[in-house]
Structure formats: C-alpha cells, structure tokens
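quick one: sequence and predicted model below, then my questions.
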2 protein chains.
Amino acid sequence: MIRQTSVKPAPASPSPPLVVIVDDDPAVRESLDSLIRSVGLATRLFGAPAELLQGALPDVPGCIILDVRLPGISGLDFQDQLARQGIALPIVFMTGHGDIPMTVRAMKAGAVDFLSKPFRDQEMLDAVTAAIERDRQRRSVTAALDDQRSAYATLTAREREVMTHVVAGLMNKQVAGVLGLSEITVKIHRGNVMRKMGVRTLADLVRTAEALGVHKP
Amino acid sequence: MIRQTSVKPAPASPSPPLVVIVDDDPAVRESLDSLIRSVGLATRLFGAPAELLQGALPDVPGCIILDVRLPGISGLDFQDQLARQGIALPIVFMTGHGDIPMTVRAMKAGAVDFLSKPFRDQEMLDAVTAAIERDRQRRSVTAALDDQRSAYATLTAREREVMTHVVAGLMNKQVAGVLGLSEITVKIHRGNVMRKMGVRTLADLVRTAEALGVHKP
DNA sequence: GGCGCACATAAACCTAGGTATGAGCCCGAC
DNA sequence: GTCGGGCTCATACCTAGGTTTATGTGCGCC
C-alpha cells in the first residue's frame, strides 16, 4: 500500500516514551523518577497539576502518574479536566487514602490502573508499561486519521457533497440528479475527490469516509 | 435502506429487560428482587453461580448483579468465566468487604459498576440502568452483524476469495490474475457475492466487509 | 482590471463493471 | 449412475466509471 502522506521532520533519535509524574511530595517524585528512569523511560516531574497545563508536551508516546490527592484539586477532577482539554494521555492513579468509589470513578473515566500506596515497584512498572502501550495504540490510530482529515479539509464544498453521495453507493447519474448537476460534472468532482483524498479505488474511499464519519446528513 | 434479513418470530409483548441477581444470602436476593421489580424490570435469582450456567437466558437486554463473595468461586473469577463462555451481559458488582485491587480488576474486566454494601437503592438502580443500556447498545450492534455473518457463511470458498480481493480495491482483471482465473469468472463470482451478501453497491460491500473483519490474509 | 479558483458543462474516447446465454468439468449425495 | 452444485470459461451486449481537452461564468483579492 503506497500511501505517501504528510512527511514529518525526521526523528533523529527514537526518543523514549515520556512518563509525567504529578505528586506534591518531592520524596515521592524523586523515588518514582529514579524507578521510571531505571527502565529507560523519560520523565517529567510536576508538584501541581497547574504546572502540567502550562508547557506543551513532546510528541511521543507516554502516560501520566497522578496522585489522587493534589494541591488545589482532586486528581479525579483533574482527570476530567485533562479529558475536556483533549489531553488523552492514559493515567495511572496512586493514592494513600483511596476508597472504592474513587476507584470506580477513575476507572470509569478511563484510568489504566489505580494503585494503593505502598505499591511494589513492579506493579507501577507494569501499569506504566500498559499505559504507554495503550497510548501507542491510540497514537497510531490518530496519526492515520489525521492525514485523512487534513486531506478531507482540502476538498471544496461541492467535492464533499459528491463524496458523501458516492460513498453512500449512488451512481454518478444519481448524484447528478440529487445535486442538480450533469453527470460529467459529477465525474470531474469525483476524480478530484479521489486525487485529493489520496486514494486510488472506491473501496479505499469508502473506508476513509467511514473512518472520518462522513455520512449523509 | 431496504434490508429485509432474518425474520425473527414476532415478539408478542415487548418483554422487559432482565436483571440476574446472584447472591448467596436469601435476604439480599429478596431485597434486591423487590427493588428491581419496583421499577418494572424482570428478575431471576440465583444463590450460586453454577445455577446461572445451567439454564439458558431469554433473549432480552439485561445485566447481572453479582456479589464478589460467592460460594465456591470468587465473583471476579466468575466474571472471567462468563466472558470466556461468551456471556457478555454487563455486570454490576456489590460487596461487603471489597478493596481497591478487587475494584480495579473488576473494572478492567469490563464491570459497569462496583458498589460497596451498604449502598443506597438509587445507586443500584442507576448502575442497573446504565448496565442495561450498555447491553442494549451491544445487542443492536451484534444483531446487525449477525445477519451479515450468516450471509457471509453462505459464500463458497471461491466467492470469499473474490470478495476479499474486491473489497481490497483490486479490479476484476487483477483479481483474475491473482487467483489464476479469467476475468469473466471473477465477474460471475462477484455477482454472486453481491447477491448473497444482500448488497447492491460496492460501497455497501466494503462496509459489510469492514464490519466482518474480512481482510487479505 | 486582471489573476486565480471554484464551479459547471460538452464532446470524444477508453476502460471497467455487470448480466445473459450456453456449455464443459468434477465431485459428492441419493 | 445421474443429479445438483460448485467452478470454469466464452461470446455478446449494455451500462458505469474515468480522463482529456476546451469553454464559459462568477467571485474575491491584490
């Protein structure tokens, strides 16, 4: 499958996954930091959630280790806040004073794991590994979709209408009828759609449209 | 979209969702039974997991309320067992002596909720409602797929090969080349595929194939 | 005003898809 | 053994898809 799409600036060194650690206790941060680094992962430490929202994070797979009890905000509320801001990094919670309702809420909201202090190093490493793997999956799906989305963005309004009807299974003449055009015009638009979307067959166009959620209104 | 497929025997009365209650304490069973029935849902009571596996359950939306501590087996292990047997009913756990690791395990395995006794009636009703809604969603997806699956089952080996290559975007002549056939033969098989799968356009066939996970090996 | 772009259309031409009719081969079931 | 179904292929015919070339309109922008 030849699919030359957006070419990223070459990643010189394959940078390691990033683990973001958020805990208000410096000792805990340091301890987690050395644990995570010991297995070759990069870390970034924060004492408070607000700091995390400031700077942009690098574009690599990763996850967040989050204490439930944070200065100024509950870790669970912060989880919601991150989700609303479109930050989809998987979260591993840890807590010294957790209870079952907290756990249920965190897991329902998509947390990868919820560890009670004290936990064994291996438990945390397993959770982090699982979280990073989940992020890797999400990123690969998102990346493929982004190319398609940006291609779709280059379509004109007419081309989108034609695409919608074509992937719905209408013949060119039917599309022409619906849109009040001549068949030849539909063919032109259709050809433009195929070229701009970077697909060579109708089957590929249909799959792309499905992935983008392109449907008749 | 005209899609007359497998016609089920008409459901005379729209039977209410079924809530399966599994708890070894008769008093708890009775109490839950009256709570659930009070909102118009049907119930079925079991004192032990084994009983549940015996009889078949009616084909209606539903869920399971499961005590974590059961005679002979942990509710969590029973959850795994149900999953392995293809029983996909959403599960609401309850427990008197739960802890966080139990909760995490249950939620990771797909539980809808995990309630600590004592819980308020409304909490249980909310959880059951959410679970039934989840089952309803799952069932509607599955039902649509079942028709397509049974249609796919009627295809001959050759027809499946042709379908695989067609939805991959190959032209008839290319399919012919790959399979060592003449183009006209591919056209025949392709026509049979369209008829048997109950679709009229290539776009529909591609979507069906995606839903069924039909791909080149 | 002119330039670029989206949009629309036509004629001509070629390829691809789809169906009907007819026919031959193989194999397992009755 | 013969009957049906799956598989194969050919000829013929029709429809649908796709490209190229060329022409024209309207709109916004520098």
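Happy to help now that I have it.

burial of the closest residue to A:Asp121 other than its chain neighbours, as a residue count?
Nearest non-adjacent residue to A:Asp121, counting by Cβ to Cβ, 6 or more residues apart in numbering or on different chains: A:Leu35, 5.5 Å away. No exception for glycine: its C-beta is placed from N, CA and C like everyone else's. A count of nearby residues for A:Leu35, using other Cβ atoms under 10 Å in any protein chain shown, gives 18.

what helices or strands is the helix or strand containing A:Glu30 leaning on?
Per DSSP states H and E: A:Glu30 is located in helix A:26-37. Here helix A:26-37 touches strand A:18-22, strand A:42-46, helix A:121-153, going by 3 or more Cβ pairs under 8 Å, 6 or more residues apart in numbering or on different chains; DSSP states H and E.

just the mean pLDDT for the longest one, thanks.
Helix A:121-153 comes out with an average pLDDT of 95.

show me the shaky parts of chain A.
A:1-13 (pLDDT under 70).

contacting residues for whatever residue of it ends up closest to DNA strand D?
Residue nearest to DNA strand D within chain A (Cβ to the nearest atom of the strand): A:Gly191, separated by 2.9 Å. Contact partners of A:Gly191, counting by Cβ atoms under 8 Å, 6 or more residues apart in numbering or on different chains, are absent.

that one - that's part of a strand, no?
No. Assigned with DSSP: H, G, I helix; E, B strand; the rest coil, A:Gly191 falls outside any strand and is helix.

just to revisit the earlier point, got a markdown table for the helices and strands packed on helix A:26-37, with mean neighbour count and distance to DNA strand D too?
What follows is these, written out as a markdown table (neighbours: other Cβ atoms under 10 Å in any protein chain shown; distance: least, Cβ to the nearest atom of the strand, whole Å):
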| stretch | mean neighbour count | distance to DNA strand D |
| --- | --- | --- |
| strand A:18-22 | 23 | 41 |
| strand A:42-46 | 17 | 42 |
| helix A:121-153 | 16 | 16 |
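
can you redo the ones you listed as a markdown table with distance to A:Arg69?
Formatted as a markdown table, those follow (distance: least, Cβ to Cβ, whole Å):
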| stretch | distance to A:Arg69 |
| --- | --- |
| strand A:18-22 | 11 |
| strand A:42-46 | 14 |
| helix A:121-153 | 17 |
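
okay, domains of chain A per the record?
A:18-148, A:154-212 (automatic domain parsing).

contacting residues for the residue nearest to A:Asp121?
A:Leu35 is in contact with A:Asp121, A:Met124, A:Leu125, counting by Cβ under 8 Å, 6+ apart.

the last one contacts A:Arg37, doesn't it?
Read it as A:Leu125. No. The pair A:Leu125 / A:Arg37 is not scored as a contact, 11.6 Å apart, by Cβ atoms under 8 Å.

Three-state assignment for A:Gln79, please.
helix.

what sits against it?
A:Leu66, A:Ile91, A:Ala106, A:Ala109, A:Gly110, A:Ala111.

follow-up on the earlier one: can I get the domains of chain A in TSV with distance to B:Lys187?
Formatted as TSV, the domains of chain A follow (distance: least, Cβ to Cβ, whole Å):
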stretch	distance to B:Lys187
domain A:18-148	31
domain A:154-212	17
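
now, of the contacts of A:Gln79, which are buried?
Taking 16 or more other Cβ atoms under 10 Å in any protein chain shown as the criterion, what is buried in the contacts of A:Gln79 is A:Leu66, A:Ile91, A:Ala106, A:Ala111.

can you list the residues of chain A near DNA strand D?
A:Met171, A:Asn172, A:Lys173, A:Ile184, A:Lys187, A:Ile188, A:Arg190, A:Gly191, A:Met194, A:Leu202 (Cβ under 7 Å from any atom of the strand).

buried among the residues you listed? Make that a ChimeraX selection.
With 16+ other Cβ under 10 Å as the criterion, this ChimeraX line picks the buried residues out of the residues of chain A next to DNA strand D:
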select /A:172,190,194,202
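
quick one on the thing from earlier: quick check: angle from the helix holding A:Glu30 to strand A:18-22?
170 degrees (axes from the mean of the first three to the mean of the last three Cα atoms, to 10 degrees).

could you check the angle helix A:26-37 makes with helix A:121-153?
70 degrees.

buried set for helix A:26-37?
A:Val28, A:Arg29, A:Leu32, A:Leu35, A:Ile36.
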